[in-house]
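Participant: coordinates for the following, if possible.
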Amino acid sequence: MRKIVFLLSIIACLSAFNSLSAQERDSVMPSSVNEHYFRKPVTEILQDFITKYGMVIRYDSAEIAGFKFEGMFYFSSVRSAFERVIGETKGLSYYTDEDSVLRVVPTKNLPRNRTGVENKRYTGDVSRRNLTVTGRIKDQTNGEFLPFATVQVDGYPTIATATNTDGYFTLYDVPSDTVTLIFRYLGYETQYFYLSPAIATDNLFVELQPASNALDEVVIVSKREDILKIPELSIGVIQTTAAKIADLPALGEKDLFRSFQLMPGISAANESSAGMYVRGGTPDQNLVLYDDFTIYHQEHLMGVFSAFNTNAVKDVQLHKGGFDAKYGGRLSSVMEIVGKTGNDKSFNVGGDVGFLGFNAFMEMPFKNEKGSIFVAGRRSFQSFMYDKFTNVYTENQTYGGMGMGGPGGGRFNQRNQQKPESYFYDLNAKLTYNPTKRDILSVSFFNGEDILDNSRESFGSDFMSGSITDKTNWGNVGSSIKWSRNWDNKFYSNLLVSFSHYSSTRDRDNSMTTSSSGSSTNNVAVMFDQNTNEHNTLKDYSLKFDNEYKISGTNKLEFGLNYSNYSIDYRYSQSDSTNILNMKNKGNLFAAYVQDRWTLTDRLTVLPGVRLSFYDVTSKLYPEPRLQMFYKLNDRLNLKTSTGYYNQFVNRIVREDISAGSRDIWLLSDNKGIPISSSTHFIAGGTYETHNYLFDVEAYYKRLYNLSEYTLRFASSMTDNTGYQEFFYNGNGYSRGIDFLVQKKYGKITGWLGYTIGETRYRFPVYGDGYFAANQDVTHEFKTVITYKPIRDLTISGTWIYATGKPYTEPIGGYKLNTPNGGTMNFIVVDQKNNARYPDYHRLDLLAKYDLSFIRAFKSSLSLSLFNVYDHINTWYMEYAYDETDGITATNINLLGFTPNITFSIQLK
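Facilitator: Residues are numbered from 1 along each chain as shown. Take a look at the predicted model:
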C-alpha cells in the first residue's frame with residue numbers, strides 16, 4: 001500500500017507541473033506588442049490587451065466609450081504599450097486602488113487624492129542625452145531599502161544595473177531624458193518610471209509595491225510569481241526573499257535554508273541538518289554572512305531548522321561556486337543574508353505561532369524617517385510535534401549480533417528508550433540611522449542557542465541493560481557596526497567592525513550492567529561506565545573596508561581590506577581523566593582584494609580579480625586569482641564560465657565516532673596536523689530565458705586539497721606515550737557534477753524542476769590508496785516545486801524530493817582496551833571507509849496558505865503544512881555499541897514520518 005501511495009504521489013506531483021490547463025499552456029502570451037491602431041476605440045484596444053496579451057483591466061465601457069487612440073507598436077513591451085495608450089489619450093487616466101488593481105477612468109472621474117499617472121510619459125523633445133541616473137529603491141509600505149533590485153532602460157536590455165546592499169544604484173549611459181526606466185525586485189510589482197527634462201536624475205527615490213495576491217484582478221501580463229531568481233550576468237547565484245519563502249512547505253515554520261535546499265546543486269537529502277551542502281561541499285565550507293558578519297553554526301533543534309528567523313531577513317543571495325574575489329576564507333560557497341532594517345514610516349508589530357514554537361517582531365521609525373529599529377525573537381516549546389522527534393528513538397527493533405568470531409553470534413532485542421528534551425531561541429535586532437542622504441549607520445545583532453538532552457535507556461537484552469546520559473548545548477552570538485557612505489555618483493564605501501562567538505558543549509555518559517543469572521536483582525556486576533566531554537569555542541573579531549568605484553557605465557572597480565583575529569579552543573576527554581584532545585589556537589588573517597567588472601562589448605563581460613591573504617600562523621602569503629566571463633549570444637541565451645582558487649583557514653573537522661555518531665569540531669589551521677585547506681573551481685554553463693520560462697545548466701568541477709579528519713579507529717596501536725593529536729589525518733578530493741533547472745515564472749501555476757548528477761570523492765592515505773565516497777556524497781538528486789494560486793488569497797504548493805542514499809561505514813567487530821588509569825574502553829573495528837549506503841531518500845511535502853484579507857484591521861494568514869505526506873521511512877544514521885558478550889549492537893535511527901503543522905501569522909501592516 002505504501003508503494004502505491006508513493007507512486008501516485010509522484011504521478012500527481014509531476015502531472016500538476018506538466019498537465020496545465022489549456023488556458024495555462026496557451027498563456028505563453030507574446031512578450032511584445034506588434035500592432036497598428038488607426039483611430040481605434042480604446043475599449044477595443046484594452047480588449048486586445050486582455051485577450052491577446054493576458055492582461056485583466058478594470059474599466060467601465062460606458063465611461064470611456066468616446067476615447068480613441070492612433071499609434072503603432074513594434075516590439076514594445078506589453079506594459080509600455082498599455083502606458084502609452086493611456087498616456088497619449090487626452091482626458092484618460094488610470095490609477096492603482098487599495099487592492100493594487102489598475103482601473104482605467106476618465107481623468108475627471110479620478111477619486112480624490114489620486115493624480116492619475118503621476119509620472120506620466122513625456123512626449124516632448126529631448127533635452128539631455130547620455131545621462132547618469134542615480135538613486136535608491138525602497139519598499140513603498142515600510143520604507144526599507146531594497147538590495148539587489150534591478151534597474152533597466154526600457155528597450156535597451158544592456159543598459160542595466162542593480163542596487164547594492166543598501167539600495168543605492170547608479171545607471172550610466174541612459175540615452176536621453178525621455179526614456180522609461182524599469183525597476184524590478186523579487187516579490188514586488190514592476191514599476192515603470194518616465195524621465196522628462198523636468199526631473200532631476202541625480203538622486204531619485206523610487207518606491208516599489210509588494211506584489212498583490214489578487215490574481216483574479218491581475219494587472220500585468222501573466223503576473224510573475226517566481227520564488228527564486230537567477231540574476232543576469234551571474235554564475236552559480238540564486239536569489240530569493242523571505243516573503244516568497246512563506247509560499248513553500250516547511251516542517252514547523254518557514255525556513256530559509258530548507259528553501260534553498262530545494263534548488264539544484266544544494267542537497268535536500270539532509271533532513272537531519274539544515275546546513276548547506278553545496279555541490280559536494282560541507283556546511284563549514286559555506287561562508288554564511290548575516291549583515292556582513294559570519295555565523296558559524298546555522299542549525300536549531302538537532303538540525304531541523306536553520307538558525308535564521310525569516311521575519312528578520314530581507315534578502316538572500318547564494319553563490320554556489322566560482323564566487324568573486326570580494327569573498328574569501330571558504331572552499332565551496334557564499335550565502336549573503338541582508339537583515340531587515342525595519343519600518344521607517346510607522347510602528348508595526350507581528351508574529352507567527354505554530355506547533356513547534358512562536359516568533360514575534362517589532363519595528364519602529366525614528367522621527368522624520370531618519371531611521372528605524374527592528375527586533376525579532378523566536379522560541380520553541382514542547383508540544384506533540386516534539387513527540388514526533390521522541391518517537392524516532394523509541395521504536396523497539398531486533399537485530400542480529402556480531403561477535404568477535406564473526407557475524408551470526410545470536411539475536412537480541414534492542415530497546416532504545418530515548419526521550420530527548422530540547423528547546424531553542426534566537427534574537428535579532430537592527431538599528432539603522434540616516435544622518436545625511438549619503439550616509440547610513442547600522443548596528444546589527446544576532447543570538448541563538450540550543451539546549452538538548454538526548455539521554456535514554458538502551459542496549460537491552462535478557463542479560464544486559466544500560467543507559468546513556470547525553471546533554472548538549474550550542475549557540476552563536478554576533479554583532480556588527482557598519483558605516484556606509486555614498487561619496488558621489490561613482491564612489492561608494494562600507495566600513496564594518498564585527499564579532500562572532502560560537503560555543504558547543506557535550507557531556508555523554510554510557511553505562512552498562514550485566515546479570516549472569518538473567519535477573520536484575522542477582523549477581524549484577526558493572527561492566528563499564530564510560531563518559532566523554534567535549535567543549536568547543538570559536539571567537540572571531542573582524543574589520544572590513546569595502547569600496548566600489550564606477551569608472552564608467554561598463555566598468556566597475558571593487559577593492560577592499562579585511563582583518564580577522566581568531567581564537568579557538570577544543571577539549572575532548574574520556575572517562576574523566578583521559579584527555580583525548582586539548583587544543584588552543586590563535587591566529588590573525590589579513591586580506592586584500594581587487595576586482596573589475598568590465599563589459600568589453602555589448603556581448604562580452606569579464607570579471608577578473610585577485611585576493612591576497614597573509615596568515616600569521618604560517619607567516620605565508622596566499623594568492624587567490626579569480627575570473628568570471630559572460631557572453632551574450634542573443635537576448636535570450638547567455639553563456640558563462642568561472643574559475644578561481646580558494647583557501648580556508650578555519651575548518652570544521654569531522655571527528656569520526658562509529659558508536660555514537662560522528663561529530664564536527666571547529667579548529668584553526670596550523671599547517672601541521674591541520675593544514676590550510678584549498679580548492680580550485682571550474683564552472684561552465686548557459687541560461688536560456690523567455691518571458692515565461694527559464695532554462696539553466698551549469699557543470700562544475702572542484703579539486704580539494706589538504707582536507708582534515710580525526711579518527712580513533714587506529715588507536716589500537718597506541719602506547720602510553722602516544723599523543724592523541726597524532727590521529728589527525730589529511731587527504732585530498734574532488735567534487736564534480738551538473739545542475740539542471742527548468743523554471744516556470746508566470747501564471748497561476750509556477751515552480752521549477754531541478755536535477756543534479758554528481759559525485760564527491762576523498763582520498764586519505766590512512767584509509768587506503770584509493771578514493772572513497774565522502775559522507776555528503778549523493779549521486780542523483782531530483783526536486784519538483786509547484787506553486788498554485790487558484791484564487792485571490794489561497795496559495796497551494798508542493799515539493800517532492802528524491803535522492804540516492806548517502807554512504808556510511810559499517811562495523812565488523814570490536815575489542816576492549818585497558819587504559820593507563822586502570823579503567824577500560826571499548827572500541828569498534830570497522831570495514832573500509834564509507835563502504836555501505838543508506839536506502840534512497842524521498843518525500844512529498846504540501847502547503848495550503850490562506851490570506852485572511854477579509855480582516856481589515858491587520859494582515860494575517862493561516863497555513864497548513866504536511867511534511868512527508870506518504871510517510872516514507874528515511875534513515876538518519878546507524879548507532880553501534882560493543883560488548884564482549886553480544887558483540888556489536890545496532891540501532892537504526894530513522895527520520896520523521898508524516899508530520900502536520902498549522903501556523904498562524906499576523907501583523908499590523
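
Participant: could you report the pLDDT at Gly401?
Facilitator: Predicted confidence (pLDDT) for Gly401: 33.

Participant: typo on my end, Asn892
Facilitator: Looking at Asn892, the pLDDT reads 72.

Participant: give me the distance between it and Asn692.
Facilitator: Distance of Asn892 to Asn692, computed by CB to CB, to the nearest Å: 46 Å. (C-beta placed from N, C-alpha, C; glycine too.)

Participant: repeat that for Leu794.
Facilitator: 22 Å.

Participant: which of these two has more residues huddled nearby?
Facilitator: For Leu794 versus Asn692, neighbours defined as other CB atoms under 10 Å are more numerous around Asn692 (18 against 14).

Participant: low-confidence ranges, the stretch 651-800 of the chain, go.
Facilitator: Scanning the stretch 651-800 of the chain for pLDDT under 70 picks out the ranges 656-662, 712-725.

Participant: how about the stretch 351-500 of the chain?
Facilitator: In the stretch 351-500 of the chain, residues with pLDDT under 70: 384-420, 456-467.

Participant: the same query, at a cut-off of 50, please.
Facilitator: Counting by pLDDT under 50, the stretch 351-500 of the chain has low-confidence residues at 393-417, 459, 463.

Participant: what ranges does it have for its helices?
Facilitator: 384-391 (DSSP state H, counting those that start in this stretch).

Participant: which stretches of the stretch 201-350 of the chain form strands?
Facilitator: Along the stretch 201-350 of the chain, counting by DSSP state E, counting those that start in this stretch, strands occupy 204-208, 237-241, 286-290, 293-294, 299-300, 305-306, 313-319, 333-339, 348-353.

Participant: what pLDDT, on average, does the fifth one get?
Facilitator: Per-residue pLDDT values across strand 299-300 average out to 81.

Participant: and it, what other elements does it pack with?
Facilitator: strand 305-306, strand 439-453 (3 or more CB pairs under 8 Å, 6 or more residues apart in numbering; DSSP states H and E).

Participant: and the first one, what other elements does it pack with?
Facilitator: I take that to be strand 305-306. helix 256-260, strand 299-300.

Participant: residues contacting the shortest one, please?
Facilitator: I take that to be strand 299-300. Here strand 299-300 makes contact (CB atoms under 8 Å, 6 or more residues apart in numbering) with 273-275, 305-307, 380, 424, 426, 448, 450.

Participant: so which of those residues comes closest to Gln47?
Facilitator: Ser306 (48.5 Å; CB to CB).

Participant: apart from its neighbours in sequence, what residue is nearest that closest one?
Facilitator: Take Ser306 and drop its neighbours on the chain: the residue closest to it by CB to CB, 6 or more residues apart in numbering is Phe257, 3.6 Å away.

Participant: residue contacts, that neighbour?
Facilitator: Counting by CB under 8 Å, 6+ apart, Phe257 touches 274-276, 298, 306, 308.

Participant: how close does it get to Ser380?
Facilitator: On the measure of CB to CB, Phe257 and Ser380 end up 16 Å apart.

Participant: with Asn164 instead?
Facilitator: 35 Å.

Participant: can you list the neighbours in contact with the helix or strand encompassing Met72?
Facilitator: Take DSSP states H and E as the rule and Met72 turns out to sit in strand 68-77. Outside strand 68-77, the residues that touch it by CB under 8 Å, 6+ apart are 31-42, 45, 81, 84-85, 88-89, 154-155.
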